[in-house]
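K.L.:
below are the sequence and a predicted model for it; my questions follow.
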Amino acid sequence: MKSISSISGVGLRLPHLIEMVATLPPTGWLEVHPENFLANPHAAELLTELCSHYPISFHTVGISVGSVAGIDRSHLKRLQSLMDRIHPILVSGHLAWSTYGNDYLNDLLPIPCNEGALRVVAVHVNQV
């Protein structure tokens, strides 16, 4: 098997999902934002179909490891459930925060570059 670094992959967005399943074009692997599939059962079914044809990589956008409010455990459980279904070859995420209280800000906000932020991120990465 080729290493992932020696073959080209594609960032798969939801508007192209149905066509991807229908045509199965040649590519080495697919990267998706798993959050796009958590509340969309039909899209999750199509992604499950694709994972039998392509290696899948998850790039999360909602874990919010830089948030002082802590990690959303229910979000992690939903991600884990999807990971158990898809078996991604890689899981990555942004070093950012996107929550404030109970509000999800739908953005990847930067964290300060200081010791306090480093401690918060280190604790959250260990939790994840």
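P.N.:
Received the coordinates, thanks.

K.L.:
pull out the buried residues from the lengthiest strand in the chain.
P.N.:
For the chain, the longest strand by residue count, based on DSSP state E, is strand 103-109. Using 16 or more other C-beta atoms under 10 Å as the test for burial, strand 103-109 gives no buried residues. C-beta coordinates here come from the backbone N, C-alpha and C atoms, glycine included.

K.L.:
helices or strands up against the helix or strand just after it?
P.N.:
Counting by DSSP states H and E, the next helix or strand C-terminal to strand 103-109 is helix 115-127. Packed against helix 115-127, as judged by 3 or more C-beta pairs under 8 Å, 6 or more residues apart in numbering; DSSP states H and E, are no other helices or strands.

K.L.:
pick out the residue closest to the middle of this protein.
P.N.:
Residue closest to the mean C-alpha point of the chain, counted by C-alpha atoms, centre = their mean, is Thr60 at 2.5 Å.

K.L.:
what lines up beside the helix or strand of the chain with the lowest mean pLDDT in the sheet?
P.N.:
Ranked by mean pLDDT, DSSP states H and E, the weakest helix or strand in the chain is strand 103-109, scoring a mean of 80. Strand pairing for strand 103-109, using DSSP bridges, gives strand 97-100 (antiparallel).

K.L.:
can you pull the contacts of the spatially closest residue to Leu109 that is not a sequence neighbour?
P.N.:
Leaving aside its sequence neighbours, Leu109 sits nearest to Trp97 (C-beta to C-beta, 6 or more residues apart in numbering; 5.2 Å). Applying C-beta atoms under 8 Å, 6 or more residues apart in numbering, one finds that Trp97 lies in contact with Ser64, Val65, Gly66, Ser67, Val68, Leu109, Ile111.

K.L.:
distance check, the fourth one against Asn114.
P.N.:
With distances defined as C-beta to C-beta, to the nearest Å, the gap from Ser67 to Asn114 amounts to 15 Å.

K.L.:
more neighbours: which of these two?
P.N.:
Neighbour count, other C-beta atoms under 10 Å: between Ser67 and Asn114, Ser67 has more, with 20 against 8.

K.L.:
buried residues in the host helix or strand of Ile18?
P.N.:
Using DSSP H and E, Ile18 sits in helix 17-23. Across helix 17-23, burial judged by 16+ other C-beta under 10 Å covers Leu17, Met20.
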